[in-house]
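**Student:** task: produce atomic coordinates for the following.
(one chain, ligands or ions: 1)
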Amino acid sequence: MSLTNQWKTQPGEVFAMGPVVPVLVIENVEDAVPIAKALMAGGIKVLEVTLRTENALDVIREIANNVPEAMIGAGTITNAETLHQAIDAGAKFAISPGLTPELLAASVRTKIPLIPGIASISELMTGIDAGFDHFKFFPAEAIGGAKAIKSIAGPFPNIKFCPTGGINLDNMGNYLSLNSIVCIGGSWIVPDDAIKSKDWSRITELTKEAVAQASKY
Ligand code: 3PG
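**Tutor:** Numbering: from 1, shown residues only. This is a model prediction of the structure:
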């Protein structure tokens, strides 16, 4: 099955906009645009807003409407319903923590790419069978980190991964030095306390630091 005819953007384009994807948990809609702009100012164009807060869909809508240069993605997509809600809000891509056959099938019928999450070889094979070739690897550190992904990716040389979960400035190199990994994601770039104190310049500084570190690999 080819996914390319359906989707406006290809997952490879999303990955190529990394190499660092901030994973955002934003409670207040008013913080959405300043955070997105702080990330852009630090050199990050692609971002994932998790659907873990009540206002997450409005946060996506705000960023999609006011920061058009951002490649805004919706995270925590777990079923067709949340996928369609995210698309309605303006998400340009979707990321899920895991995969189900129903979610994969629903995503093939939409216009935005889904990057499904996997944590095992069997899940990866389910995704590949459905035509997918870009995956989130989650929760990366908890399931063996770079060593695990290197082993899992071994038999599938054409598949690319974006690991998230426990990744930070210190360990990102373990991942980015692997051929199968084009980008990594994490929440450390936008810490809760920086959001609470509306310290947008700190987010820009953390972004610059992350981008500089990633460029070494
Ligand atoms: C995710 O949803 O991708 C992860 O929760 C991000 O993990 P982190 O908070 O450990 O960076």
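
**Student:** when you work out contacts or count neighbours from here on, use the C-alpha atoms and nothing else.
**Tutor:** Will do.

**Student:** for the longest helix anywhere in the chain, packing partners?
**Tutor:** In the chain, assigned by DSSP state H, the helix with the most residues is helix 200-214. With contacts taken as 3 or more CA pairs under 8 Å, 6 or more residues apart in numbering; DSSP states H and E, helix 200-214 sits against strand 20-24, helix 32-42, helix 172-176, helix 192-196.

**Student:** and of those, who's closest to the ligand?
**Tutor:** Closest of the helices and strands packed on helix 200-214 to the ligand is strand 20-24, at 5.7 Å (criterion: CA to the nearest ligand atom).

**Student:** tell me the strands beside that closest one, with direction?
**Tutor:** Looking at strand 20-24 with DSSP bridges, its partner strands are strand 46-50 (parallel), strand 184-186 (parallel).

**Student:** the ligand: which of the ones you listed is closest?
**Tutor:** Checking these against the ligand by CA to the nearest ligand atom gives strand 184-186 as the closest, at 3.3 Å.

**Student:** list the contacts for the nearest residue to residue 190 once chain neighbours are set aside?
**Tutor:** Spatially, and ignoring its direct neighbours in sequence, residue 190 is nearest to residue 203 (5.8 Å; CA to CA, 6 or more residues apart in numbering). Taking CA atoms under 8 Å, 6 or more residues apart in numbering as the contact definition, residue 203 lies against 35, 38-39, 42, 189-191, 194.

**Student:** ok, now how distant is residue 203 from residue 45?
**Tutor:** To residue 45, residue 203 is 14 Å away according to CA to CA, to the nearest Å.

**Student:** common neighbours of those two, please.
**Tutor:** Common neighbours of residue 203 and residue 45 (CA under 8 Å, 6+ apart) are residue 39.

**Student:** in the chain, what residue spans correspond to helices?
**Tutor:** Listed in chain order, the helices of the chain (DSSP H) span 11-16, 32-42, 56-66, 80-89, 101-108, 121-129, 145-153, 172-176, 192-196, 200-214.

**Student:** buried residues in the third one?
**Tutor:** It refers to helix 56-66. Buried positions in helix 56-66, judged by neighbour count with 16 or more other CA atoms under 10 Å: 56-64.

**Student:** now it: how far from the chain's centre is it?
**Tutor:** 16 Å (CA atoms, centre = their mean, to the nearest Å).

**Student:** give me the contacts around it.
**Tutor:** Helix 56-66 has contacts (CA under 8 Å, 6+ apart) with 25-29, 32-33, 36, 49-51, 70, 72-74, 85-86, 89-91.

**Student:** please pick the buried ones from those residues.
**Tutor:** 25-27, 29, 32-33, 36, 49-51, 70, 72-74, 86, 89-91.

**Student:** so how far is the ligand from residue 131?
**Tutor:** 22 Å (CA to the nearest ligand atom, to the nearest Å).
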